[in-house]
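J.: Attaching a predicted model along with its sequence, questions to come.
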Amino acid sequence: MKNVILFCIVVSLCFLMSCSKKAPLSPDTNETSATAADMAESISLQLVEQSCWIFDDAARSASTDETALAKKRVDAIAAGRLITCNRVPISGNIVHYSFKIYLGPSAHDVIGLHRVVKEKRPMQPIQTNKAFFYQHGDCKDFSGMTLPGVRSANMARDFGIAAFLAQNDVDVWGIDQAWTLTPMDIAESSFMKNWGLQKQVDDLRMGMSIARFTRLFTGSGFMPLILCGYSSGVITGFALLNEETQLPPAMRNVAGFIPVDVPVKTNDQTVKEVFAAEYARVKELIDTGQYADMVAFTYAADFARSDPDGESPIIPGFTNMQTALFFGAGPLWGTIHYHFLAGIWQDELPVDFEYVTVDQWLDFMAVASPWEAAQFIADYCLMIADMEDVPFDDHFAQIKVPIFVVGAAGGMGEYCLYGVTLLGSSDITHHIVQFKSAENALYDFGHIDLFLAHDAEANVWRPILEWIEHHTP
């Protein structure tokens with residue numbers, strides 16, 4: 001065991017030495033001499049300290065300079081990058097730790113970081129080789145997608161892929177990108193002007209680096225993590241992999257990638273047109289100085305509950321409840337069958353759902369993020385539709401990590417197969433959840449069913465767990 005830890009220490013030192021040659025994370029920060037790796041290590045030390053996690057004895061004994069490491073721990077606390085630290089039990093010995101971390105010069109330059117893990121005793125997470133990092137997609141944050149039970153009165157508290165994986169000895173981490181933390185009542189959105197895909201990649205890389213250092217300091221090693229990107233998180237994940245091909249192996253955070261239900265590239269002209277139209281919509285916002293795109297989920301849920309039979313201000317001609325149901329099961333992009341949830345239809349309108357109750361869906365929408373960064377949406381639409389040259393796909397042929405494509409037949413499943421053919425990986429497998437014929441795709445398992453359906457554990461999460469176990473040393 002100690003040999004493994006010594007190896008991890010050596011790898012981490014290589015990581016630090018390689019990073020020391022890089023430019024600072026941001027020229028606007030006060031810490032212009034700090035590297036991204038220095039910052040990640042400092043923040044991880046602060047996380048360990050504030051969470052009362054045990055600093056691993058073997059990691060301490062393997063350190064060449066324990067005094068210097070102890071000083072870093074003290075300096076990390078003084079730096080004050082960790083804004084909040086919370087520990088909330090989910091069920092049994094499964095616990096959710098959540099943090100808000102300050103990364104930049106603006107009050108809005110904050111990310112959320114999460115850890116869902118099994119504990120041997122309070123404040124003592126298990127040591128495990130199995131590690132998973134989740135990058136959310138549009139509209140929702142980490143816990144909204146992976147722990148929906150803790151935010152719904154109509155679900156079991158431990159319902160969610162994060163709790164399921166943790167129960168099976170996976171160390172689950174994830175990020176809230178900065179826009180998910182933006183309050184509903186912002187006066188203006190100029191702070192989001194440059195919040196494009198590159199910011200998402202930079203913050204994802206920082207979050208994964210913090211997780212790796214934290215695992216190292218608490219005895220689980222410094223090995224790269226399996227990354228999962230859901231929805232637009234697929235694009236963020238592939239952009240990070242593209243960037244990592246140009247880095248030395250010791251600086252790469254991703255050991256394998258699970259892209260869930262959005263294509264990184266498509267050869268389907270209709271799908272390209274859908275994303276081109278979405279690009280045009282958000283580009284118009286940006287051109288008029290609106291850098292935050294409003295998410296209507298919360299409003300739709302509120303209207304459906306407070307006045308279900310009233311006329312919808314969101315979809316003219318629909319009632320508020322019909323709007324909420326259509327948001328769930330309707331083909332929101334019109335020209336393709338893509339939808340969020342498998343619906344039960346009457347008279348050409350959804351009236352219920354196959355795998356989720358209406359109350360569960362309203363709970364889910366009610367805790368959506370109110371805003372999303374418009375530039376990020378524009379960037380990922382450009383990339384999927386190949387509308388113009390972008391730097392985020394220049395090295396796809398050099399991406400060689402294992403890939404597990406997960407999709408829904410009623411979501412974007414069939415469209416996810418082409419993009420991965422552009423990669424250099426020799427380990428690519430697919431898992432598309434399908435219950436109906438292709439002609440009935442509008443009624444099949446949907447994009448959000450993958451994380452919300454009552455039988456998602458059997459049809460989605462367990463295959464993901466098995467893939468993780470097969471790809472963990």
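T.: Yep, that arrived.
J.: The top strand by length along the chain: what's the following helix or strand?
T.: Longest strand in the chain by number of residues (criterion: DSSP state E): strand 110-121. Using DSSP states H and E, the next helix or strand after strand 110-121 towards the C-terminus is strand 124-125.
J.: what does that following strand contact?
T.: Identification of contacts with strand 124-125 by C-beta atoms under 8 Å, 6 or more residues apart in numbering yields 53-54, 95, 115, 117-119, 171, 218. In short, each C-beta sits where N, CA and C put it, glycine included.
J.: Specify the angle between the following helix or strand past that strand and strand 110-121 in degrees.
T.: Going down the chain from strand 124-125, the next helix or strand is strand 131-135, by DSSP H and E. Interaxial angle of strand 131-135 relative to strand 110-121 (axes from the mean of the first three to the mean of the last three C-alpha atoms, to 10 degrees): 150 degrees.
J.: Off-centre distance for strand 131-135?
T.: 7 Å (C-alpha atoms, centre = their mean, to the nearest Å).
J.: low pLDDT regions in the stretch 201-350 of the chain?
T.: Regions of the stretch 201-350 of the chain meeting the criterion pLDDT under 70 are absent.
J.: That one: strands as residue ranges?
T.: With DSSP state E, counting those that start in this stretch as the criterion, the stretch 201-350 of the chain has strands at 225-230, 254-260, 292-294, 343-346, 349-353.
J.: Highest mean neighbour count out of those?
T.: Comparing the strands of the stretch 201-350 of the chain by mean neighbour count (mean count of other C-beta atoms under 10 Å), strand 225-230 ranks first with a mean of 25.
J.: and that one, how far out from the chain's middle?
T.: With C-alpha atoms, centre = their mean, you get 7 Å for strand 225-230.
J.: Check what contacts that strand and list those residues.
T.: 131-137, 145, 173, 208, 211-212, 235-238, 240, 253-262, 450-451, 464, 468, 471-472.
J.: among those, which ones are buried?
T.: For the contacts of strand 225-230, a burial check counting by 16 or more other C-beta atoms under 10 Å picks out 131-137, 145, 173, 208, 211-212, 235-238, 240, 253-262, 450-451, 464, 468, 471-472.
J.: Pull out the buried residues from stretch 445-456.
T.: Residues of stretch 445-456 classed as buried by neighbour count (16+ other C-beta under 10 Å): 445-453, 456.
J.: and stretch 426-435, what's its mean pLDDT?
T.: Across stretch 426-435, the average pLDDT comes to 98.
J.: in that stretch, what counts as buried?
T.: 431-434.
J.: Give me the most central residue, this protein.
T.: residue 135 (1.4 Å; C-alpha atoms, centre = their mean).
J.: quick one: that one from residue 407, how far?
T.: As judged by C-beta to C-beta, to the nearest Å, residue 135 and residue 407 stand 16 Å apart.
J.: ok, now residue 104?
T.: Where residue 407 is concerned, residue 104 sits at a distance of 35 Å (C-beta to C-beta).
J.: Looking at those two now, which is surrounded by more residues?
T.: Set residue 104 next to residue 407 and count neighbours by other C-beta atoms under 10 Å: residue 407 wins out with 27 against 18.
J.: Give the partner strands of the one helix or strand that one maps to in its sheet and their orientations.
T.: Assessed by DSSP H and E, residue 407 sits inside strand 403-408. Paired neighbours of strand 403-408 in the sheet (DSSP bridges): strand 254-260 (parallel), strand 428-433 (parallel).
J.: what does the shortest one contact?
T.: Spelled out, that is strand 428-433. 402-409, 413-414, 416-417, 420, 445, 449-450, 459-460, 463, 467.
J.: Produce a ChimeraX select command limited to the buried residues of those residues.
T.: Selection of buried members from the contacts of strand 428-433 for ChimeraX, criterion 16+ other C-beta under 10 Å:
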select :402,403,404,405,406,407,408,409,413,414,416,417,420,445,449,450,459,460,463,467
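J.: Run the chain-centre distance for the longest helix seen in the chain.
T.: Ranked by residue count and defined by DSSP state H, the top helix of the chain is helix 197-217. On the basis of C-alpha atoms, centre = their mean, the separation between the geometric centre of helix 197-217 and that of its chain is 12 Å.
J.: Same check on stretch 157-164?
T.: 16 Å.
J.: Could I get the CA-only coordinates of it as PDB?
T.: Only the C-alpha atoms of stretch 157-164 are listed here, as PDB (Å, rounded to 0.1, in the frame of the first residue of the first chain):
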ATOM      1  CA  ARG A 157     -34.200  11.100   0.100                       C
ATOM      2  CA  ASP A 158     -31.400   8.800  -1.100                       C
ATOM      3  CA  PHE A 159     -32.800   8.700  -4.700                       C
ATOM      4  CA  GLY A 160     -30.100   9.800  -7.200                       C
ATOM      5  CA  ILE A 161     -27.100   8.500  -9.100                       C
ATOM      6  CA  ALA A 162     -24.600  10.100  -6.600                       C
ATOM      7  CA  ALA A 163     -26.100   8.300  -3.600                       C
ATOM      8  CA  PHE A 164     -26.300   5.100  -5.600                       C
END
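J.: List the contacts of that stretch.
T.: Under the criterion C-beta under 8 Å, 6+ apart, residues 90-92, 94, 96, 114, 116, 134, 142-143, 146-150, 167, 172, 174, 451, 456-457, 460-461, 464-465 lie in contact with stretch 157-164.
J.: For stretch 139-148, the averaged confidence score.
T.: Across stretch 139-148, the average pLDDT comes to 98.
J.: for it, how far is the first residue from the last?
T.: For stretch 139-148, the first-to-last residue distance is 14 Å (C-alpha to C-alpha, to the nearest Å).
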